Structures are given as structure tokens and as C-alpha cells.
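> Could you work out the structure for the sequence below:
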Amino acid sequence: MLTLMDHLFFFFTKPIFSMAGRFGVNAKELERFLKFIVVGTIGFVVDFGILNVLMLTLQARQVDLGMWNLFGVVLLNGTLTVSNTISFSSAVISNFTWNYLWTYPESRSKPLVRQGGQFFLVNLVGLGINLAVLNALNPLCTQLFGLLGYNAAKAVATIVVLFWNFFVNRYWTYSDVE
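As a prediction, the model looks like this:
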């Protein structure tokens, strides 16, 4: 039985599937990837929304969690790192739920604890990648774009992690899916 989400998805993606078929693209994998993108977009809204609420609230209250240095090199902006960890984790929970129920419903043959553990481990590495890219680009992006420059750094970090998450989750977490 198709859900409302499925009907909307197929309505908007039908032209993509018809064109992809002409090039020999596996329709099922394309469908999964497009669903993964939809789920990721929801996660993106959750992630960026929570990040900005936390950052703007902390800045308005003049909360500064400091800079974490190693040999005089700033590695992490404390306020940005804590806010990003909370927002990223919220998006991971959203993404796991949507992927489990919608993108990979046939993967439920695997025990939820094992599948969830794999998903969260992949995303823990993804968080590390996200924090590294975010903190590396934040000084430059803040110089270029001002107070909200962390959003540009976060956008680049999100794109990098998108590819990590899709391929590792597809071939490890959801490896039982045909």
C-alpha cells in the first residue's frame, strides 16, 4: 500500500525515472538514492534549523564556549562544535527513522538494534567529518559572510558527509537490501 509520501514522491520523480531508464540506470537504486535525498533534505532542515536556533540563542545570551587549541592552532570553536553536535544528532535520529520506514523498508529483516547501531556508527564517523570540515572552513566563511558564515561552512560539510553516509549506509547498514 502506497503512502501519501510515496504518491508525492512518484509524482515529482516520474520524469527522472523515464529518462534514467533510457541510460540503463537501475530504477530501484535510483529510487533509493532519490528517497535518500528527500530524507536528507528533511534532515538538512532539522540540522540547520536547530544549529541556527542554538547559535543565535547562545550568541544573544553572550555564551562563549571558547576555542580549543592545539599548539596555538584553533581546532574547534566550542560554541559551534557543541551546537553542531546537538543539531547533527537530531538530524541523524530523523534520518534513521525516515530511512528505516521509507527509503529501505525491506531492510527490516535485520534486527533493529544491529541496523540502528550500524547507522549510528556510520553517522558518528560522519559527525567527525562534519566537525572537521565545519571548523576548518568556519574562520574563512565567517570572514567572507559575517556572523552567519558558519552556515556556508556547514553547507560544505553537509555535502561531504552526504556521500559518505549514502555509500557506507547503502553497502553496510542496508547491505541486506536487494
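
> show me where this protein has helices.
Along the chain, counting by DSSP state H, helices occupy 4-22, 27-60, 78-98, 112-145, 150-168.

> separation between the nearest residue to residue 3 once chain neighbours are set aside and residue 125?
Closest residue to residue 3 apart from its sequence neighbours, by CB to CB, 6 or more residues apart in numbering: residue 102 at 7.7 Å. In short, each C-beta sits where N, CA and C put it, glycine included. Here residue 102 is placed at a distance of 23 Å from residue 125 (CB to CB, to the nearest Å).

> One more: residue 99?
Counting by CB to CB - residue 99 and residue 125 are separated by 17 Å.

> same question, residue 54
23 Å.

> Give me the more crowded residue out of those two.
Between residue 54 and residue 125, residue 54 has the larger neighbour count (other CB atoms under 10 Å), namely 19 against 13.

> Might one say that the more buried one is in contact with residue 83?
Yes. In this structure, residue 54 is within contact of residue 83 by CB atoms under 8 Å, at 3.9 Å.

> pLDDT weak spots in the chain?
Within the chain, the ranges that satisfy pLDDT under 70 run 1-2, 7, 10, 12, 14-24, 68-75.

> Kindly recompute the last result at 80.
For the chain, applying pLDDT under 80 flags the ranges 1-28, 60-61, 63-76, 107-110, 174, 176-178.

> What distance do you get for residue 34 to residue 99?
From residue 34 to residue 99 the distance is 13 Å (CB to CB).

> ok, these two, which is more surrounded?
residue 99 (24 against 18).

> quick one: contacts for that one?
36, 39, 119, 169, 174 (CB atoms under 8 Å, 6 or more residues apart in numbering).

> Let me know the distance separating residue 62 from residue 56.
Distance of residue 62 to residue 56, given as CB to CB: 12 Å.

> more crowded one of the two?
Taking neighbours as other CB under 10 Å, residue 62 and residue 56 compare with residue 56 leading, 13 against 6.
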